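> Next come a sequence and a model predicted from it.
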Amino acid sequence: MKLIRSVYSSLSILAILGCSGPARLGENTPRTDLKSPATATDGPTATPSSTSSSMTVAPLPASKRPPSRTYDVRQTVELREIPPGAKKVKMWICLPDDAPYQRLLDITVKSAPEGWRMVREPERGNRFLYVEMNDPRSDTLSVTVDFTVRREAVSFRLDPAKAGTITKAHRSFFAEDLRTDVPLMEVTGEIREIADGVCGSETNVVLQARKLFDHVADYADHYSKDPTKPTCGRGAAGDCFVQKGGCCTDLHSLFIALARARGIPTRLPIGLRLQAKNEGKDVDPGYRCWVEYFVPGYGWVPTDIVAGDSGGQAERDFYSCGLDERRLRYSEGRNFGFASVPNGQRVNTMIIGHAEIDGRFVPVLPGPDGKPSPLSRRLKFVERPVPVPEDPGLASMR
């Protein structure tokens, strides 16, 4: 049976399973005073702490970094090169929603073709803005949405001694997050052998996850660290293994496959970073995915291998079990199935969205010749200078 992914139902289940949430940054939360990968000159880097059995790092003074930020964002998604004579155009556009450590405070559709509507895909409950146009009169379709989002940084204090074991109940409830046959994240014999070699006889979920995090960070490089690595891959565990790097989805797909080989539930959120250098500018923000792995007694723990491998030990310690607040979460998962997609075809990832022209998929990544995709996104954001009052709903989601 396929499960609808609802934040609220997931939190209820975690409460039933006895999972505790993370501490909020700025409230005596252990975390290293990091340089953000997006703002590498913002503040000093603290002395790295060793990876001890308690897996804690130095506390972050509340004055050094805000525990949350509120952003006003304008997003424009454009589909170009609609051919003359096209009969039907469909487009699903990614939008942020309420999620762990994220609250959607407002949203307005500024411009869109008549008849647009909000839809949820049936398998995970991700929400998209859907547009359908018959006999388009222009070669371009554009949708602009304004929204306000509050985002919190998060850091878990993981104590291996307090982590539970993965039980039959966990394996049943998180069956989708343990699948070993998901395209591009398959658990092959080779992947299983690597995972077993990295983890050995270790059975503790916290320690296994950290071993796998360090292994991927040591073995593979993101293209921002090594420009020789592919910049726009399929997001495949096998590709990352062969190429020893790639895009963020390549690295995180490899981590997911390795973790699932060890029986650790994992899932893939996708969104984007709001880099300080881009504030007030109209830019292509790219995208960023990360991973959440499930630790009994703690719940879903976020990790970003690309950010963790961008600096020294301090970055690794933090991003192995935490995230900064300069990002937005749009969706979770991959291999999407939309009811109206022809012939039961699946959509690999929802980075910007998905578009079809007369039933044919529009590629979202550049072509082999480097030609840009006809589907693009522009984003402009500003950070609100005055903090929004504490939201009880957001507090309940921690």
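Sure, I can see it.

> Show me this structure divided up by domain.
Domain assignment of the chain by automatic domain parsing yields the ranges 7-44+159-330, 69-151+340-396.

> Show me how far the helix or strand hosting L379 is from its chain's centre.
Per DSSP states H and E: L379 is located in strand 375-383. Strand 375-383 has its C-alpha centroid displaced from the chain centroid by 17 Å (C-alpha atoms, centre = their mean, to the nearest Å).

> Look up the closest residue to S155, ignoring the ones flanking it.
What sits nearest to S155 in space, not counting adjacent residues and going by C-beta to C-beta, 6 or more residues apart in numbering, is G322, at 3.7 Å. Where you see a C-beta, it was placed from the backbone N, CA and C, and this is true even at glycine.

> Can you give me the distance of the one you found to E152?
Distance of G322 to E152, given as C-beta to C-beta, to the nearest Å: 11 Å.

> hang on, the earlier thing: can you get me a residue count around the residue nearest to S155?
The tally of other residues near G322 (other C-beta atoms under 10 Å) stands at 28.

> do you know how far it is from C94?
Distance of G322 to C94, computed by C-beta to C-beta: 24 Å.

> Chain neighbours aside, what residue packs nearest to C199?
Leaving aside its sequence neighbours, C199 sits nearest to Q208 (C-beta to C-beta, 6+ apart; 4.8 Å).

> Helix or strand: which one has that neighbour?
helix 205-219.

> CA atoms only: put that helix into CSV for me.
The C-alpha coordinates for helix 205-219 follow below in CSV (Å, rounded to 0.1, in the frame of the first residue of the first chain):
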residue,chain,number,x,y,z
VAL,A,205,22.2,3.4,13.4
VAL,A,206,23.9,6.7,14.4
LEU,A,207,27.4,5.3,14.0
GLN,A,208,26.6,3.5,10.8
ALA,A,209,25.1,6.7,9.3
ARG,A,210,28.2,8.7,10.2
LYS,A,211,30.5,6.1,8.7
LEU,A,212,28.6,6.2,5.5
PHE,A,213,28.5,10.0,5.5
ASP,A,214,32.2,10.2,5.9
HIS,A,215,32.8,7.5,3.3
VAL,A,216,30.8,9.3,0.6
ALA,A,217,32.4,12.6,1.5
ASP,A,218,35.9,11.1,1.3
TYR,A,219,35.2,9.0,-1.9
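
> quick one: strands adjacent to the next helix-or-strand element following it?
Next helix or strand after helix 205-219 toward the C-terminus (DSSP H and E): strand 221-222. If you go by DSSP bridges, strand 221-222 pairs up with strand 245-246 (parallel).

> Give me the angle between whatever helix or strand comes next after the strand it pairs with and helix 205-219.
Next in sequence after strand 245-246, counting helices and strands by DSSP H and E, comes helix 248-261. On the basis of axes from the mean of the first three to the mean of the last three C-alpha atoms, to 10 degrees, helix 248-261 is oriented at 140 degrees to helix 205-219.

> CA-only coordinates of helix 248-261 in CSV, if you can.
Only the C-alpha atoms of helix 248-261 are listed here, as CSV (Å, rounded to 0.1, in the frame of the first residue of the first chain):
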residue,chain,number,x,y,z
CYS,A,248,24.3,16.7,-5.2
THR,A,249,21.8,14.1,-6.3
ASP,A,250,24.6,11.8,-7.4
LEU,A,251,26.3,11.9,-4.0
HIS,A,252,23.1,11.7,-2.0
SER,A,253,21.7,8.8,-4.1
LEU,A,254,24.9,6.9,-3.3
PHE,A,255,24.4,7.6,0.4
ILE,A,256,20.8,6.5,0.2
ALA,A,257,21.7,3.3,-1.5
LEU,A,258,24.4,2.5,1.0
ALA,A,259,22.2,3.3,4.0
ARG,A,260,19.3,1.2,2.7
ALA,A,261,21.7,-1.7,2.1
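
> Determine the set of other helices and strands touching it.
Where contact means 3 or more C-beta pairs under 8 Å, 6 or more residues apart in numbering; DSSP states H and E, helix 248-261 is packed against helix 189-199, helix 205-219, helix 237-243, strand 266-267, strand 288-289, strand 291-295, helix 305-308.

> helices and strands around the longest one, which ones?
Right, the one you point to is helix 205-219. Here helix 205-219 touches helix 189-199, helix 248-261, strand 291-295, strand 299-303, helix 305-308, helix 313-319, going by 3+ C-beta pairs under 8 Å, 6+ apart.

> any idea of the mean pLDDT for the shortest one?
When you say that, I think you mean helix 305-308. Across helix 305-308, pLDDT averages out at 95.

> which helices and strands sit right next to that helix?
Helices and strands touching helix 305-308, by 3+ C-beta pairs under 8 Å, 6+ apart, are helix 205-219, helix 248-261, helix 313-319.

> Dump it to CSV, keeping only the CA atoms.
What follows is helix 305-308, C-alpha atoms only, in CSV (Å, rounded to 0.1, in the frame of the first residue of the first chain):
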residue,chain,number,x,y,z
ILE,A,305,27.1,15.7,2.3
VAL,A,306,27.9,18.4,-0.2
ALA,A,307,27.8,21.1,2.5
GLY,A,308,29.6,18.9,4.9
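
> what does that helix contact?
The contact list for helix 305-308 (C-beta atoms under 8 Å, 6 or more residues apart in numbering) reads 37, 213, 216-217, 222, 224, 248, 251-252, 255, 288, 291, 315-316, 318-320, 323-324.
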